[in-house]
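S.K.: pasting the structure only:
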């Protein structure tokens, strides 16, 4: 097993007052030549947005964008006519394709919004822009990994144009997670949303991450109640 560890405190950080953002990979004003991407995984941003604030209309192209609210709700609007609100236990995917514009705002005037936004390179350029979201339940994630986004080889309620799989789970202390890759040529990027996990004697805490490759399966021991996101990604 080969691996690279990304500690939470080593991420890029930008505090704009209304937006407090942590970057797992080089983004905007943060640049780290050793953290440009992990295979097809380009961005994991961990954002907190003040009530009523957000990102005005802006463009994207040739990227698969996945949004996962952790607290609060996001108001989304885009140039292909979607106007949606996305809350906790919902996941959104957007194919930017040959060009899309969208805005994202905190849907509340009183509560903060916390969410993860993930960018993955597609395996085909200049696709027709597309959008979907799906609501999951607490039970979907209770002491099990649940596939939230699938790709070319794995079926899921939400899909992207890439041979990637995103899974999420919420585990009690002392549980063990076993994950078998759908494609052994892929790598795994494990992001600890909350809690503590031990992988191959490596302790990972809140917002830590580890990129792993040259494995076909992985065991994770839960040492504290944990919310974890696994991204199986082409290398």
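M.R.: Thanks, I have the structure now. Just so we're clear, the structure is a prediction, and the values are computed from it rather than from any experiment.

S.K.: From one end of stretch 6-21 to the other, what's the distance?
M.R.: 16 Å (CA to CA, to the nearest Å).

S.K.: Go through that stretch and flag the buried ones.
M.R.: 6, 8, 11, 12, 19, 20, 21 (16 or more other CB atoms under 10 Å). Just so you know, the C-beta spots here come from the backbone N, C-alpha and C atoms, and that holds for glycine as well.

S.K.: which of the residues in stretch 168-176 are buried?
M.R.: 168, 169, 170, 171.

S.K.: er, stretch 56-68 actually
M.R.: Buried residues in stretch 56-68 (16+ other CB under 10 Å): 60, 62, 63, 64, 65, 66, 67, 68.

S.K.: Which strand residues bridge the fifth one?
M.R.: When bridges are taken as DSSP bridges, the partners of residue 65 come out as residue 94, residue 119.

S.K.: Identify the single longest strand in the protein, thanks.
M.R.: Counting by DSSP state E, the longest strand found in the chain is strand 217-234.

S.K.: what's the helix or strand for residue 203?
M.R.: strand 202-204 (DSSP states H and E).

S.K.: Walk me through which strands that strand pairs with, and which way each runs.
M.R.: strand 186-199 (antiparallel).

S.K.: Could you check how far the partner strand is from the centre of its chain?
M.R.: The chain centroid and the centroid of strand 186-199 are separated by 12 Å under CA atoms, centre = their mean, to the nearest Å.

S.K.: Run the angle between it and strand 217-234 for me.
M.R.: Strand 186-199 runs at 140 degrees relative to strand 217-234, counting by axes from the mean of the first three to the mean of the last three CA atoms, to 10 degrees.

S.K.: of all the buried residues of stretch 6-21, which comes closest to residue 234?
M.R.: Closest approach to residue 234 among these (CB to CB): residue 6, at 18.7 Å.

S.K.: Do me a favour and get the backbone dihedrals for the closest residue to the closest one other than its chain neighbours.
M.R.: Of all residues not flanking residue 6 in the chain, residue 209 sits nearest, at 4.3 Å (CB to CB, 6 or more residues apart in numbering). Per-residue torsions, residue 209: phi -150, psi 160 (degrees, to the nearest 10).
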